[in-house]
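J.: Could you work out the structure for the sequence below:
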Amino acid sequence: MLNKILSLTIIYFFLAKAAKAEKPVDVFDSTKNFLGEYGYLYQGQKLYVKPLNDDLKQFGYSGFILDYKIDKDIPENIYYPDGNNHTKYDRLFGKYFQIIDIIKPMTDSANYGMGQDFVFKLINLSNNDTLYFIYQGEFEHTFPFIVDGYYQKQKKLAIGKKFVFKDELIATAVDLDKGILVDTKTGEVWTCTDIKIDDAYSSLSVIFQNTKGKKIALPIEPTVGVQKQWKTYTKAEADKYIKEFGRVAYYNILQGIVTVGINRKMCSMALGLPKDKKETMVGKIKKEVCTYNNGQILTFENGILKTIK
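T.: As a prediction, this is how the structure comes out:
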């Protein structure tokens, strides 16, 4: 009897663990603008239509239709058609839309619902038009919006905060007042003053200012977004690493420089993860030969850098 109870307990434990692991995401993650397969989480969000660069303006926007129940390629079903199954650029650029419903269509219904597709039912907040947008969860480049919830979250997280950048990230930064490359120093502290929609690059740009009053604009993702790891550090993080590694070693990291004697973590911060790694054991010594994207081949012994080629 005891063994039976024990067996049932073990089975219940693993079933509960599996159910927890497979529990669907049900909260909008405002740290991301594009949610991939979790498109249903956009319910109720306000969307801003991003500008297109000059080369793409002539093609307008795709995916905006009048009725998702009929073929999406019928010209009469395109919202303000331009004659090429797209919506005219000037009809959408800069407009705000509210999502009032999200539909998961049948995969065999009028060419909709393939893969991770959803259909957003929208209201055009400038004229109260009701229409639909085909959301393709596998293709971020087809998502023409900046989600207002994401935009507001980034402003709340970043404005007024101080940051330190890797040199490569600001090497081509332009002084917004003078229109020339800004003169920067390794380890320089920049304060976020604003986040704006960049018409030229169809994305959000973060405005930073240094203690001398110079202003620069950088893309949002590698600066304050989810892709900032080892590219951008908060002032608090920078101070922590200066204390942990020493100022010279940390500034080398910011410049992408590695030196014999540093550890694997410091190398990853300087160069990123290796594109290839081979491990061997020589007695009690773990030897790793790592090849990086810049062509450097580093050899580690028990996690410490021994040679650089």
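
J.: in its sheet, what does the strand ranked longest in the chain sit against?
T.: For the chain, the strand with the greatest residue count under DSSP state E is strand 189-198. Partner strands for strand 189-198, per DSSP bridges, with pairing direction: strand 162-165 (antiparallel), strand 203-209 (antiparallel).

J.: which stretch in those has the least confidence?
T.: The weakest mean pLDDT among the strands paired with strand 189-198 belongs to strand 203-209, with a mean of 91.

J.: If you count neighbours, what's buried in that one?
T.: By 16 or more other Cβ atoms under 10 Å, the buried positions in strand 203-209 come out as 204-208. C-beta: built from backbone N, CA, C; applies to glycine.

J.: now the residues you listed in a markdown table, with distance to Phe93?
T.: Formatted as a markdown table, the buried residues of strand 203-209 follow (distance: Cβ to Cβ, whole Å):
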| residue | distance to Phe93 |
| --- | --- |
| Leu204 | 16 |
| Ser205 | 17 |
| Val206 | 22 |
| Ile207 | 22 |
| Phe208 | 27 |
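
J.: Check the burial of Thr211 by counting its neighbours.
T.: 9 (other Cβ atoms under 10 Å).

J.: Surely it is in a strand?
T.: No: read with DSSP: H, G, I helix; E, B strand; the rest coil, Thr211 is coil and lies in no strand.

J.: and stretch 288-295, how far out from the chain's middle?
T.: Remark: stretch 288-295 is offset 25 Å from the chain centroid, using Cα atoms, centre = their mean, to the nearest Å.

J.: Grab the nearest non-local neighbour of Asn84.
T.: Of all residues not flanking Asn84 in the chain, Phe59 sits nearest, at 7.2 Å (Cβ to Cβ, 6 or more residues apart in numbering).

J.: Quick one: the helices in the stretch 201-309 of the chain, in order.
T.: 235-245, 247-254, 264-271 (DSSP state H, counting those that start in this stretch).

J.: helices or strands up against the first one?
T.: Using 3 or more Cβ pairs under 8 Å, 6 or more residues apart in numbering; DSSP states H and E as the contact test, the elements touching helix 235-245 are strand 162-165, helix 247-254.

J.: Including distance to Gly39, could the ones you listed go into CSV?
T.: CSV is the format used below for these (distance: least, Cβ to Cβ, whole Å):
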stretch, distance to Gly39
strand 162-165, 31
helix 247-254, 38
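
J.: which of these is buried the deepest?
T.: Of all those, strand 162-165 carries the top mean neighbour count, a mean of 21, counting by mean count of other Cβ atoms under 10 Å.

J.: Give me the contacts around that one.
T.: With contact meaning Cβ atoms under 8 Å, 6 or more residues apart in numbering, strand 162-165 is reached by 187-192, 208, 218, 223-224, 231-235, 237-238, 254.

J.: Nothing else from me, thank you.
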